[in-house]
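**Student:** Output the structure for:
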Amino acid sequence: MRISAELTASRFLMPDDAVPTNVLGGPLACCCREPVTGFYRDGYCRTGPDDHGLHTVCARMTAEFLRFSRARGNDLSTPRPEYQFPGLEPGDHWCLCVERWKEALDADCAPPVVLNACHLSALEYVDLADLKTHAAD
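**Tutor:** Now for the predicted structure:
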């Protein structure tokens, strides 16, 4: 499934003063600031026209998911100082691309999610029931 910039821009971009909505219908909560996450590196799993991956799912990393992501070509464990990326460890929270989370779900290794920090637009690609089944404690 490919995510179009037009869809993202027209349906999910919020005015600067608006609070984005989470998958439960409330205000989008911060996913994590230590390490700082989000496409805009502001701690929130919000999206906009330049976010072609739709980084809208706030997930708590597991060793299993980090291995899965590395095997799929996205090594989230190795620090990348040139991108100010510290590398993730199990337990860290991170804004994942919704397609990667769905891919992990289909492979039975989806990491737990923080529902109030998952952007509403994630529901265009995954079911709320699946997110709720994988809700973090």
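
**Student:** Surely Leu66 forms part of a helix?
**Tutor:** Yes: per DSSP: H, G, I helix; E, B strand; the rest coil, Leu66 lies within a helix segment.

**Student:** Roughly how far does the residue lying closest to it once chain neighbours are set aside sit from Gly48?
**Tutor:** Distances taken as Cβ to Cβ, 6 or more residues apart in numbering put Ser77 closest to Leu66, at 5.1 Å, once the chain neighbours are dropped. No exception for glycine: its C-beta is placed from N, CA and C like everyone else's. According to Cβ to Cβ, to the nearest Å, Ser77 stands 27 Å off from Gly48.

**Student:** and what of Ala129?
**Tutor:** 27 Å.

**Student:** And Leu128, by the same measure?
**Tutor:** Leu128 is 22 Å from Gly48, by Cβ to Cβ.

**Student:** Which stretches in this structure count as helices?
**Tutor:** Counting by DSSP state H, the chain has helices at residues 5-12, 63-71, 98-106, 128-133.

**Student:** so which of the ones you listed gets nearest Cys31?
**Tutor:** Closest approach to Cys31 among those (Cβ to Cβ): helix 98-106, 12.7 Å.

**Student:** Enumerate the positions of the closest one that are buried.
**Tutor:** Residues of helix 98-106 classed as buried: 98-105 (neighbour count, 16 or more other Cβ atoms under 10 Å).

**Student:** same check, this time on stretch 42-61
**Tutor:** 43-47, 51, 53-61.

**Student:** No more questions from me, cheers.
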